Structures are given as C-alpha cells and as structure tokens.
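# Kindly return the folded structure for what I paste below:
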Amino acid sequence: MKKVILMAMVVLAGATLCPANAAKKDKKDKKKKKADLEMVDTIPAQAAEKPMAVLATRNDSIGYVSGMVVTQGLLPYLKMQYKVNDAYMEDFIRGFYDGVTRDTMPDFHAYVVGTQIAEMTLQRVMPTMMNDYPDTEINKEMFYRGFADAVLGDHRHFNDSVATVLKDQYVTEAKSVAFAEWKKQNEDFLVTYAQNDSVQKTESGLLYKIITQGKGIKPDATNKVVVRYEGKLIDGTVFDSSYKRDPNTTTFGVSQVIKGWTEALLMMPIGSKWEICIPQELGYGARETGKIKSFSTLIFTVELVSVTK
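Numbers count the residues shown, from 1 in each chain. Model (predicted):
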C-alpha cells in the first residue's frame, strides 16, 4: 500500500516539475495576468473623468494596490448595512477623505460620533420610542430638539427629573387607551383571584398562596437568592421559566427585581414554594417587555432554594 502511495506522489511530482508542464503553466499565467491588466481599460465614465493616480515609486504602487484590495466586498456591505446608493459613491469618498485627513482633530471626532449616534437613534431609539406611544403622532423635530437641548444642558423647559415623570405619564396615557380592554381583563382577574380562600393579600396589593411553606430563614433586602420559577400571564402565556433551562435555578439580588418579587421573597422562608400574583403596579406597569404586554398581571410559581448573605 505504501509503495502505491509513494509511486503516485512521484508521478505527481514529475508532472509538476516537468519542464514542458512548467512552461505551459507559465504561459497560461502570463496570459491571465495580461488579461487582468487589460481590464484597466474597462472603467466607468465617472472614474475616467478623474486624472489617473501617479505611481512614481514602488511604495506608491504598494499603497495603491493595498488600498484597492481592502475594498473587496465593501460595496455590497455599504449598500446592505448603511443603505448607501450607487449614485452617491462620490459623496461617500468625500466623507472618507474628510475622515482620514481629520482623524486626530477632537472637533471632527465629536462630529463623527454625533453622526453615529444619529444613525443609532434613527434605527433603534426612534422605533422603540414610537412603540411607547401607540396611535400617537410624534413630532420628530421636537424629539431632536429635546435631545440636543438635554445634551447641551439647556433645561429651561424641564429638568431631567420632570422630563422623566412627564414622559412616563404620556406613555401611560397613550397605552391606557391602546390597551384598555387588556387592562380591564387583568383588573377583573385580580378581583376573582383574590376571592379564593387560599389566597392572601398584602397592603400593597400583592396576592399569594402558599403551596409549600419552608422552614429555613427568610432573606433580607441585601441578600442574593437562588430560585426556581415560572411566570405566565392571565391568558396562560408562559413568558419565562427557569425550569426549561439547565441548570434550572437562577440567582439574583432580592432588591434587583420588580417590586412584587422583592416583597414576596422577603416573606418566604427557604424551602418555600408559593404562587404569587403581581398586579401591574408592582410589575412592569405600562412598559412592554418580551411577551409581557402593558398593564399585565404576572403570575409566578416560585421556589426559594437558598439564600446567600
């Protein structure tokens, strides 16, 4: 077997090193290079209007061809990622030259960062914000002005705290209209749920029933806890479950979760398994997150496994 492999390698090497084969390959390569070089005649009229770059030295050529090679795949990327149209490539190049010549200038750096934040705002922030105000016409120019005034420290209209309160108020008002039916369903569910004899209610409105009462210590607000849990909405939609993960436990700080969770954990001895029913006021309120809609009552099955001081 080894002899057969060895003979095959010898034949292959002979074919590769054969002068006739080498001459043929060299001739073929020269033809290909000549064809590639001749392609420089095929250029767009837009480029032909510019004077050709002067490549006076070897280093000139090295820089030039290296610059060309790094653009391979760039055009599709510009079109797909940045939505740059073919008709505006001259503008792109003008921006490119502006960037590489002014790169070390702090004012230009700040300007570039501003354009990047603008792109992020248009692609991510604005769509999220518009989702906060369903069925509401947002004045985008005023959004941009509010953004600019806050960055520049102009608080003649509102300070940051007042702006935050007003924004939350506007969001709640808009969503109260859009989610009116769902909000009413959740309010009715809480009334019915509280009528169950096994359900207990706290002053805050948290509802819970004890499935298993543990005998361990209770955590305090500074502790971390290890829990198993499943959360669902009143329509049965499961929006999160540690039981479906491996490991099936989750660790977090008692004070690092929504109000309803914190209140329940502070009452639960280790080893307990409770069902807690959290009104939207102690949950996410008007906010939407994942499968959780605005004004949702959250029903959790919670097992307190351990507490870390």
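# now the helices for the stretch 201-309 of the chain?
259-267 (DSSP state H, counting those that start in this stretch).
# In it, mark out all the strands, start to finish.
With DSSP state E, counting those that start in this stretch, the ranges of strands along the stretch 201-309 of the chain come out as 207-212, 224-232, 238-241, 250-253, 273-278, 298-308.
# want to throw the ones you listed into CSV with distance to G95?
Bear in mind the C-beta positions are built from the backbone N, C-alpha and C, glycine included. CSV is the format used below for these (distance: least, CB to CB, whole Å):
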stretch, distance to G95
strand 207-212, 59
strand 224-232, 48
strand 238-241, 44
strand 250-253, 46
strand 273-278, 51
strand 298-308, 49
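# most packed of those strands?
strand 273-278 (a mean of 22; mean count of other CB atoms under 10 Å).
# Kindly provide the whole-number mean pLDDT of that strand.
Average pLDDT, strand 273-278: 98.
# ok now that strand, how far from the chain's centre?
31 Å (CA atoms, centre = their mean, to the nearest Å).
# quick one: that strand to strand 207-212, angle?
170 degrees (axes from the mean of the first three to the mean of the last three CA atoms, to 10 degrees).
# ok, strand 273-278: who's next to it in the sheet?
Strand pairing for strand 273-278, using DSSP bridges, gives strand 207-212 (antiparallel), strand 298-308 (antiparallel).
# mind checking which of the strands of the stretch 201-309 of the chain is nearest K201?
Of all these, it is strand 207-212 that lies closest to K201, at 5.3 Å by CB to CB.
# Mind listing residues that contact the closest one?
With contact meaning CB atoms under 8 Å, 6 or more residues apart in numbering, strand 207-212 is reached by 190, 193-194, 196, 198-202, 264, 267, 271-279, 301.
# if we go to 7 Å?
193-194, 198-201, 264, 272-277 (CB atoms under 7 Å, 6 or more residues apart in numbering).
# and if you look at stretch 71-80?
V84, F92.
# what's the closest of the strands paired with strand 273-278 to H155?
Short answer: strand 298-308, nearest of the strands paired with strand 273-278 by CB to CB, at 36.2 Å.
# Rounded mean pLDDT for that closest one, please.
On average, strand 298-308 scores 96.
# Show me what it is in contact with.
214, 217, 219, 223-232, 234, 249, 260, 264-265, 268, 270-278, 283.
# quick one, strands of the stretch 51-200 of the chain?
200-201.
# mind checking pLDDT for the closest residue to V307 other than its chain neighbours?
The spatially closest residue to V307, leaving aside those adjacent along the chain, is P219, at 4.5 Å (CB to CB, 6 or more residues apart in numbering). Reading off the confidence values, P219 has pLDDT 96.
# Now that P219 has come up, it's in contact with L265, right?
Yes: counting by CB atoms under 7 Å, L265 is a contact partner of P219 at 5.7 Å.
# more crowded one of the two?
Comparing P219 with L265 by neighbour count (other CB atoms under 10 Å), the higher total belongs to L265, at 26 against 23.
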